[in-house]
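Asks: Sequence first, predicted coordinates after that:
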Amino acid sequence: MRYGWAMRSFHMLVAFILTMFVVACGTPDPASGVDITPTLGTQLAGTLEAQPTRTSTPTATRSSILPPTIDSAAREAPPSPTPGRTPIAPSPTPKSNGQAIPGGGSQDTGFAGCTGTGSVEFAQSPMRMEDVAHLLPYGMLAGAHVTPIDHMYFSPADWTLGRDVYEVRAIQDGVIYRMQPRDINVDTGQTRAREWRLDIAHTCTFTSYFDLLTSVDPAIEAEWAKTEGGRTGRWNGIPLKAGQLVGHVGAQTLDFGVYDYTVTLDGLLVPEHYQREPWKVHTIDPFPYFPQDVRDQLLAKMLRQVEPRAGVIGHDIDGKLVGNWFEQGTNGYAGSDPQKYWDGHLAFARDTLDPTHWKFSIGDFDGPARQFGIKGNSPNPREVSPETGLVRYELVDTILYAINEPTRQNLGPGGLRPGDDIGTRDGDQIRGAVLVQMDGPRMLRLQVFPGQTADSVAGFTSAAKLYER
């Protein structure tokens with residue numbers, strides 16, 4: 001199913017720094033959770049096609065993914081999320097009754113211990129409502145999460161109380177088919193206090209996951225320790241009951257995602273590119289699977305006010321600039337360097353909290369991975385095609401703010417709150433320029449010019465890179 005991979009030293013800064021994303025990376029295997037409770041931005045102004053509908057009304061419609069309500073001519077593709085970090089070898093493809101099941105698992109009979117197929121109704125929220133300040137949706141862009149993230153985040157009510165403060169409980173019966181500790185921050189290579197990722201199969205085709213747990217229940221940890229999750233012996237998974245305590249979280253966000261292996265997103269044009277994180281193309285909106293009262297309470301905590309409330313990760317449109325790209329020759333999402341697999345990633349995507357604004361995200365901006373707003377919000381990446389020719393973008397920092405109370409900005413104390421109508425403003429400083437030209441429907445020539453303006457760039461140089469999808 002999904003291989004667990006994936007910043008904890010920056011987590012406390014999130015509560016005070018309101019101008020940058022903070023990413024807690026954990027990528028067991030290829031990729032895993034990332035704690036972002038970031039301070040976000042995008043820009044306000046500029047030209048856009050029809051503006052997304054802002055609404056806080058929860059939907060009870062059961063669908064694999066709720067379709068966004070943006071253009072009628074060229075709708076955004078449904079969500080298909082992202083990430084994680086701390087290298088561990090991928091598990092073999094599981095099978096059920098002799099048939100291969102897409103994803104990762106540790107037994108040839110399926111995700112270890114799984115039974116049955118199809119979706120399930122969840123029994124409860126992963127965390128108590130009073131313990132949650134807000135939810136962040138699928139589709140965030142943050143640091144090494146260069147492409148839209150395939151899980152959402154539960155932000156604890158009080159980050160100052162330290163680790164292991166808030167309970168995390170099983171949302172339904174299932175089996176922990178994969179369990180991974182993380183002791184190193186992949187972005188920095190520094191040691192960190194241990195965190196845990198749990199992948200839970202509710203059936204052999206329907207799973208959920210938690211990451212960034214600051215501790216797991218001692219009985220669960222003791223069971224895992226018998227074989228270290230299959231490293232030293234046969235791993236049969238660990239059964240769970242709905243409502244069972246699985247662990248605690250504190251001083252950082254909790255990753256949460258749901259994946260249906262009978263569904264494949266069409267907003268990620270080449271599913272084979274994501275074999276490092278195979279669950280990604282099966283990401284679904286979790287809200288329809290919660291009881292109505294729980295769903296309503298969770299949606300009331302969600303910062304995103306635009307449908308689908310869960311967010312969007314799959315933006316690809318064939319023949320258009322919008323969406324995810326991978327540097328040619330770097331093995332798609334997996335990258336050429338497992339320790340920095342995101343280095344060749346690139347994305348043109350809507351900001352997930354304010355989808356009226358565009359973000360540029362790249363794995364190597366003069367070294368580090370970075371995210372910026374597109375100054376003037378134009379040209380629209382959904383309209384750029386091979387026929388458009390050379391396009392120049394200028395990159396700026398952005399500030400998210402509450403339209404209903406503009407002095408409240410970004411995340412953290414005194415920042416954005418559930419129910420806010422969220423807008424964006426451009427920063428004053430241009431951080432760089434980008435030249436883009438589509439050489440074909442799925443081929444892109446791109447060069448970044450850190451610290452320069454569009455007017456100062458004459459054209460491509462030998463440093464230009466080719467990207468594909």
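Replies: Perfect, I can see it now.

Asks: how about low-confidence regions in the stretch 201-350 of the chain?
Replies: Counting by pLDDT under 70, the stretch 201-350 of the chain contains no low-confidence range.

Asks: quick one: the strands in it?
Replies: Secondary structure of the stretch 201-350 of the chain, counting by DSSP state E, counting those that start in this stretch: strands at 206-213, 215-216, 238-240, 245-249, 254-260, 323-327, 345-350.

Asks: distance between the stretch of helix or strand residue 182 belongs to and the chain's centre?
Replies: Assessed by DSSP states H and E, residue 182 sits inside strand 174-184. Using Cα atoms, centre = their mean, to the nearest Å, we find the averaged C-alpha position of strand 174-184 to lie 18 Å away from the chain's own average C-alpha position.

Asks: quick one: that strand to strand 206-213, angle?
Replies: Following axes from the mean of the first three to the mean of the last three Cα atoms, to 10 degrees, one obtains 30 degrees for the angle between strand 174-184 and strand 206-213.

Asks: quick one: contacts for residue 112?
Replies: With contact taken as Cβ atoms under 8 Å, 6 or more residues apart in numbering, residue 112 is in contact with 105-106, 175, 177-178, 201, 230, 235-237. Where C-beta positions appear, they are placed from N, C-alpha and C, glycine not excepted.

Asks: The strands of the stretch 201-350 of the chain: which one's closest to residue 145?
Replies: Across the strands of the stretch 201-350 of the chain, residue 145 has its closest neighbour in strand 345-350 (9.0 Å, Cβ to Cβ).

Asks: Low-confidence bits of the stretch 1-150 of the chain, can you list those?
Replies: Of all residues in the stretch 1-150 of the chain, those with pLDDT under 70 make up the ranges 1-110.

Asks: Could you rerun that using 50?
Replies: Low-confidence segments of the stretch 1-150 of the chain, defined by pLDDT under 50, span residues 1-109.

Asks: Pull out the buried positions in the strand holding residue 182.
Replies: Of all the residues in strand 174-184, those buried under the rule 16 or more other Cβ atoms under 10 Å are 174-182, 184.

Asks: Which strands or helices does the helix or strand encompassing residue 133 pack on?
Replies: Take DSSP H and E as the rule and residue 133 turns out to sit in strand 132-136. Strand 132-136 sits against strand 152-156, helix 292-301, with contacts defined as 3 or more Cβ pairs under 8 Å, 6 or more residues apart in numbering; DSSP states H and E.

Asks: Restrict it to CA atoms and write it as CSV.
Replies: Presented in CSV, the C-alpha positions along strand 132-136 are these (Å, rounded to 0.1, in the frame of the first residue of the first chain):
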residue,chain,number,x,y,z
VAL,A,132,-8.4,20.3,17.7
ALA,A,133,-7.8,23.9,16.8
HIS,A,134,-8.3,23.5,13.1
LEU,A,135,-7.9,21.1,10.2
LEU,A,136,-5.7,21.8,7.1
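
Asks: could you give the angle of that strand to strand 254-260?
Replies: Angle, strand 132-136 to strand 254-260, by the same axes, to 10 degrees: 50 degrees.

Asks: so residue 167 bridges to which residues?
Replies: residue 248 (DSSP bridges).

Asks: gap between it and residue 413?
Replies: Distance of residue 167 to residue 413, given as Cβ to Cβ, to the nearest Å: 23 Å.

Asks: So for these two, which residue has more residues nearby?
Replies: residue 167 (15 against 9; other Cβ atoms under 10 Å).

Asks: And residue 428, which helix or strand is it part of?
Replies: strand 422-440.

Asks: Of all the residues in stretch 430-443, which ones are buried?
Replies: Within stretch 430-443, judged by 16+ other Cβ under 10 Å, the buried ones are 430-438, 442.

Asks: Can you add pLDDT and give those back as a markdown table?
Replies: As requested, those are exported to a markdown table (pLDDT from 0 to 100):
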| residue | pLDDT |
| --- | --- |
| 430 | 98 |
| 431 | 98 |
| 432 | 98 |
| 433 | 98 |
| 434 | 98 |
| 435 | 98 |
| 436 | 98 |
| 437 | 98 |
| 438 | 98 |
| 442 | 98 |
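
Asks: now, among those, which is nearest to residue 247?
Replies: Nearest to residue 247 among the buried residues of stretch 430-443: residue 431, at 39.1 Å, using Cβ to Cβ.

Asks: And for that closest one, nearest residue in space, chain neighbours not counted?
Replies: The spatial neighbour of residue 431 that comes closest, neighbours along the chain excluded (Cβ to Cβ, 6 or more residues apart in numbering), is residue 395 at 4.6 Å.

Asks: same thing with residue 389?
Replies: residue 437 (6.4 Å).

Asks: Next, the contact list for that neighbour, please.
Replies: 389-391, 444-446, 460.

Asks: Over to residue 115?
Replies: Residue 115 is in contact with 203-204, counting by Cβ under 8 Å, 6+ apart.

Asks: quick one, phi/psi of it?
Replies: Main-chain dihedrals, residue 115, degrees, to the nearest 10: phi -140, psi 150.

Asks: And it, how far from residue 229?
Replies: Residue 115 sits 19 Å away from residue 229, taking Cβ to Cβ as the criterion.

Asks: swap in residue 244?
Replies: From residue 244 to residue 229 the distance is 18 Å (Cβ to Cβ).

Asks: for the nearest residue to residue 241 once chain neighbours are set aside, what are its contacts?
Replies: Spatial nearest neighbour of residue 241, excluding adjacent residues (Cβ to Cβ, 6+ apart): residue 173 at 5.6 Å. By Cβ under 8 Å, 6+ apart, the contact set of residue 173 is 120, 202, 239-242.

Asks: now, the most widely separated pair of these?
Replies: The distance between the two most remote of these (Cβ to Cβ) is 14.5 Å, for 120 and 239.

Asks: So which of those two has more stuff around it?
Replies: Neighbour tally, residue 120 and residue 239, criterion other Cβ under 10 Å: the higher count belongs to residue 120, 16 against 13.

Asks: Run through the residues that contact the more buried one.
Replies: Residues counted as contacts of residue 120 (Cβ under 8 Å, 6+ apart) are 172-173, 202-203, 206, 289.

Asks: Just the pLDDT at residue 185, thanks.
Replies: According to the model's per-residue confidence, residue 185 sits at a pLDDT of 78.

Asks: Against residue 195, how distant is it?
Replies: Distance, residue 185 to residue 195, using Cβ to Cβ: 10 Å.

Asks: Comparing those two, which residue is more hemmed in?
Replies: Summary of the neighbour comparison: residue 185 and residue 195, criterion other Cβ under 10 Å, with residue 195 having more neighbours (30 against 22).

Asks: For that one, list each beta-bridge partner.
Replies: Where residue 195 sits in a bridge, its partners, by DSSP bridges, are residue 182.

Asks: Surely it touches residue 211?
Replies: Yes: with contacts defined as Cβ atoms under 8 Å, residue 195 counts as touching residue 211 at a distance of 7.4 Å.
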